[in-house]
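> coords below, sequence missing:
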């Protein structure tokens with residue numbers, strides 16, 4: 001429904017603030033809504049994993065080596081994910097768009113920061129898209145679209161971690177638990193090229209408690225651990241409001257990227273190129289009544305490469 005003159009989003013004086021925690025660190029660190037890979041299919045490959053046998057002292061006698069041997073076949077597999085459709089509508093009536101000078105609340109001489117209601121609604125919708133993508137990329141559960149009535153759902157990186165995951169069993173986070181995950185990742189061949197630990201506020205404070213060392217000072221106290229040195233790599237620490245409180249993710253961002261199926265229509269905003277289509281598109285709807293609007297549309301998924309390069313801790317204590 002279009003925003004009208006009687007809606008709660010009245011015009012007020014004073015500076016405009018978005019209330020709440022709406023940062024999207026994971027999405028921002030892998031390219032945001034403007035940078036990513038492009039696919040011509042909703043389903044796309046993540047990796048083509050294969051393995052060889054465990055190391056051994058594989059020796060043969062001269063006689064055996066001179067005879068015909070038996071060939072070993074090394075098989076490959078394919079890991080995949082899918083893009084999902086995300087659509088956010090915004091519309092404003094002609095009257096609501098016109099009356100930005102009609103003020104509610106305290107009538108002082110401060111300016112109204114919103115003098116274009118449709119632009120404000122569009123920006124809010126784009127913010128909503130970004131935080132929904134952040135949540136999906138972290139926690140999304142996979143579902144392929146078997147028909148047009150089924151919504152495709154991209155698999156999030158926390159959900160994807162199956163080879164490297166430590167069940168904490170409601171224990172409080174400790175260095176031993178983090179070390180256990182790192183050993184598991186190293187044993188399964190994680191590359192540790194650009195590892196970042198993502199956690200919610202509670203576990204971020206635990207990380208600072210575990211790894212922090214505050215030198216004696218009469219004027220300054222406390223620690224804020226942003227990077228830790230491990231046996232395998234230097235690892236950044238990132239607070240992310242969309243991580244579950246009882247979980248920690250170690251993601252190697254060198255292997256993570258948004259994937260877009262470009263929209264093959266022209267719009268008004270975020271046109272990547274006129275031939276190849278747009279990754280995020282604003283589509284204005286036809287004006288058939290006294291309102292104007294449209295919708296943001298994207299076809300987006302997460303490429304995280306081999307899931308063996310990432311790891312998670314689940315079931316941590318939250319109090």
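On my side now, so go ahead. Owing to the predicted nature of the structure, the values given are computational and were not obtained by experimental measurement.
> Next up, phi/psi of residue 176, please.
Residue 176 adopts backbone torsions of phi -60, psi -40, taken as degrees, to the nearest 10.
> Got the confidence number for it?
Looking at residue 176, its pLDDT reads 97.
> Residue 272 too?
Value for residue 272, per-residue pLDDT: 47.
> in the stretch 151-300 of the chain, which spans are strands?
For the stretch 151-300 of the chain, strands defined by DSSP state E, counting those that start in this stretch occupy the ranges 165-167, 195-199, 227-229, 234-239, 248-252, 257-260, 280-284, 291-303.
> Show me what the fourth one is packed against.
In terms of contact count using 3 or more Cβ pairs under 8 Å, 6 or more residues apart in numbering; DSSP states H and E, strand 234-239 is assigned the packing partners helix 25-29, strand 195-199, helix 201-211, strand 227-229. In this view, the C-beta of every residue, glycine as well, is placed from N, C-alpha and C.
> now the angle from the longest helix seen in the chain to strand 248-252?
In the chain, assigned by DSSP state H, the helix with the most residues is helix 117-139. For helix 117-139 and strand 248-252, the angle between their directions (axes from the mean of the first three to the mean of the last three Cα atoms, to 10 degrees) works out to 90 degrees.
> closest one to residue 138 among the helices and strands packed on strand 234-239?
Closest approach to residue 138 among those (Cβ to Cβ): helix 25-29, 6.0 Å.
> Report the buried residues of the closest one.
25, 26, 27, 29 (16 or more other Cβ atoms under 10 Å).
> picking up where we left off before, the strands of the stretch 151-300 of the chain: lowest mean pLDDT?
Among these, strand 280-284 carries the lowest mean pLDDT (a mean of 87).
> What strands line up against that strand, and which way round?
strand 291-303 (antiparallel) (DSSP bridges).
> Please identify the most buried of the strands of the stretch 151-300 of the chain.
strand 248-252 (a mean of 26; mean count of other Cβ atoms under 10 Å).
> which helices and strands does it pack with?
The contact analysis (3+ Cβ pairs under 8 Å, 6+ apart) places strand 248-252 against helix 157-160, helix 175-187, strand 195-199, strand 311-314.
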